[in-house]
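>>> Curious how this folds, go ahead:
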Amino acid sequence: MTDYFAGDPRTNRERMLAGDLYIADDPDNERLARRGVALADGYHRADVAADPGARAILADLLGTLGEDAYVKPPLFVDYGEGIHIGARTFVNYNLTALDVATITIGEDCQIGPNVQLLTPTHPVDPQPRRDKLEAAQPIVIGDNVWLGGGVIVCPGVTIGENSVIGAGAVVTRDIPANVVAVGNPARVVKQI
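Residues are numbered from 1 along each chain as shown. Sure thing, here's the model as predicted:
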C-alpha cells in the first residue's frame, strides 16, 4: 500500500479540514460523527414532541443557525458542525448534508424535501480507492435560493443568490445568480 502521507505529520482530521486527501479512520472524526448523529436524533425527537428545547439542540448540532431558520427533521449529517444556515431559511424533511467540508446555506432560502448536499469526493484511480482515500470541497448556497425536492448538490458547487434549482436536478458545477436551472446535470434554462 502506498504511503500518501509520508512526511505529513497532520492527523487525518487535519487533512480533511484542509480539503486534502485523508482516510476517514481518525478517532476525532469518529467521536464527532457519533455526536452529530446523536444530536440529530435528539433534535428529531424533541421537535416531534414539540419540546421548546428542540431549537437549542439543533443550534448545538450546527455550526451556525440563523434567526428564525427552521429545519424539519429528520436531518442527516456527517458531523453537523460544518453546516451554517442563514436567517429565515426553511429546510424541509430529509436533508442529507455531508459536511466533511463546510456547507453554507444563505438567508431566506427554501430547501425542498430529500435534498442532498454532498461535500465528500473520492479518487477515480483504482489504487487510491482501495486505500480508502477521500477529500472534500465546500458547498455555498447564496441568499434567497430555492432548491426543489430531491436536488443533489455535488462537492465544490456554489449556487448564486436568487436562483431556483428545479426538483430532481443534479448540480455538478457552479450556478450563477438570478437563474433557473434544471436537469441532470443541471443547466440554466432561464434568467430571473
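>>> pretty sure residue 31 belongs to a helix, no?
Yes - counting by DSSP: H, G, I helix; E, B strand; the rest coil, residue 31 is found in a helix.
>>> Identify the residue spatially nearest to the residue sitting nearest the centre point of the chain, adjacent ones excluded.
In the chain, the C-alpha nearest the mean C-alpha coordinate belongs to residue 97, at 3.3 Å (Cα atoms, centre = their mean). Take residue 97 and drop its neighbours on the chain: the residue closest to it by Cβ to Cβ, 6 or more residues apart in numbering is residue 117, 4.6 Å away. To be clear about C-beta, it is placed using only N, CA and C from the backbone, and glycine gets the same treatment.
>>> How about residues contacting the helix or strand hosting that neighbour?
Assigned by DSSP states H and E, residue 117 belongs to strand 116-118. For strand 116-118, the external contacting residues (Cβ atoms under 8 Å, 6 or more residues apart in numbering) are 95-99, 103, 139, 141, 151-155.
>>> Same list, the residues you listed, but as CSV with secondary structure, pLDDT and distance to residue 15 please.
Shown next, in CSV, are the contacts of strand 116-118 (DSSP: H, G, I helix; E, B strand; the rest coil; pLDDT from 0 to 100; distance: Cβ to Cβ, whole Å):
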residue, secondary structure, pLDDT, distance to residue 15
95, strand, 98, 26
96, strand, 98, 23
97, strand, 98, 21
98, strand, 96, 17
99, coil, 96, 16
103, strand, 98, 19
139, strand, 98, 19
141, strand, 98, 25
151, coil, 98, 29
152, strand, 98, 25
153, strand, 98, 23
154, coil, 97, 21
155, coil, 96, 16
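>>> Just the buried residues of those residues.
For the contacts of strand 116-118, a neighbour count by 16 or more other Cβ atoms under 10 Å gives the buried set as 95, 97, 98, 99, 103, 139, 141, 151, 152, 153, 154, 155.
>>> Could you check the pLDDT of the closest residue to the last one other than its chain neighbours?
Closest residue to residue 155 apart from its sequence neighbours, by Cβ to Cβ, 6+ apart: residue 137 at 4.0 Å. The predicted local distance difference test score for residue 137 is 94.
>>> Can I get stretch 54-64 as CSV, trimmed to CA atoms?
The C-alpha trace of stretch 54-64 is given here as CSV (Å, rounded to 0.1, in the frame of the first residue of the first chain):
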residue,chain,number,x,y,z
ALA,A,54,-35.5,21.4,20.2
ARG,A,55,-34.0,24.6,18.6
ALA,A,56,-31.2,24.6,21.2
ILE,A,57,-30.3,21.0,20.3
LEU,A,58,-30.3,22.0,16.6
ALA,A,59,-28.2,25.0,17.3
ASP,A,60,-25.7,22.8,19.3
LEU,A,61,-25.5,20.4,16.3
LEU,A,62,-24.9,23.0,13.6
GLY,A,63,-22.0,25.4,13.2
THR,A,64,-24.5,28.3,12.7
